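In: Quick one, fold the following:
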Amino acid sequence: MTGKPLRDVVHAALGGKCTRCGFSNPAALQIDHVRGNGNAQNRHFGYTARLRRTLDSVLSGEGKYQLLCANCNWIKRAENGETSARVARERLAARIAIVYPEYGLPKCQHGTHRLQSQ
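Out: Alright, predicted model coming up:
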């Protein structure tokens, strides 16, 4: 099993809804490391391998992972200092620009290029 079906199994194993607010739309649910620092642990693995490792951990009852909606995940990151407020604002602005292009990112001083958020 790979990709979306495996992700759906992991979501189901984690309860199928956000542990903070109960939101259950799978499109907005994210697998979160309870203690943070998930990127450092998983950057060496591909998507399917990360999902398999996560599922193994969840099924063994390690308690390392939880399911959060995107909003609760960003709130948790800000509360725990997992990312600086400036970086969080820039990333959120970049995502808004993709989803809602009418809001966009600010243009350069010449007005020809949109500034990129890193």
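
In: Leu51: what's it in contact with?
Out: Leu6, Arg7, Val10 (Cβ atoms under 8 Å, 6 or more residues apart in numbering). For the C-beta atoms, the positions are set from N, CA and C on the backbone; glycine is no exception.

In: So which of those is the closest to Glu90?
Out: Distance ranking of the contacts of Leu51 against Glu90, using Cβ to Cβ, places Arg7 first at 27.0 Å.

In: low pLDDT regions in this protein?
Out: Along the chain, segments meeting pLDDT under 70 span 1-2, 37-43, 83-88, 95-118.

In: Strands of that one, residue ranges please.
Out: For the chain, applying DSSP state E gives strands covering 29-33, 65-69.

In: In CSV, list those along with mean neighbour count and distance to Arg50.
Out: Converted to CSV, these look like this (neighbours: other Cβ atoms under 10 Å; distance: least, Cβ to Cβ, whole Å):
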stretch, mean neighbour count, distance to Arg50
strand 29-33, 20, 9
strand 65-69, 22, 11
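
In: JSON lines for the ones you listed, including distance to Lys76?
Out: Converted to JSON lines, these look like this (distance: least, Cβ to Cβ, whole Å):
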{"stretch": "strand 29-33", "distance to Lys76": "7"}
{"stretch": "strand 65-69", "distance to Lys76": "6"}
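
In: For Asp32, which non-adjacent residue is spatially closest?
Out: Leu68 (4.6 Å; Cβ to Cβ, 6 or more residues apart in numbering).

In: How many residues are close by Arg50?
Out: 18 (other Cβ atoms under 10 Å).

In: For the nearest residue to Leu51 once chain neighbours are set aside, which residues are in contact?
Out: Distance criterion Cβ to Cβ, 6+ apart; nearest residue to Leu51, sequence neighbours excluded, is Leu6 at 4.7 Å. Taking Cβ under 8 Å, 6+ apart, we find Leu6 in contact with Thr48, Leu51, Arg52, Leu55.

In: Okay, and which of those residues map to helices?
Out: Thr48, Leu51, Arg52, Leu55 (DSSP state H).
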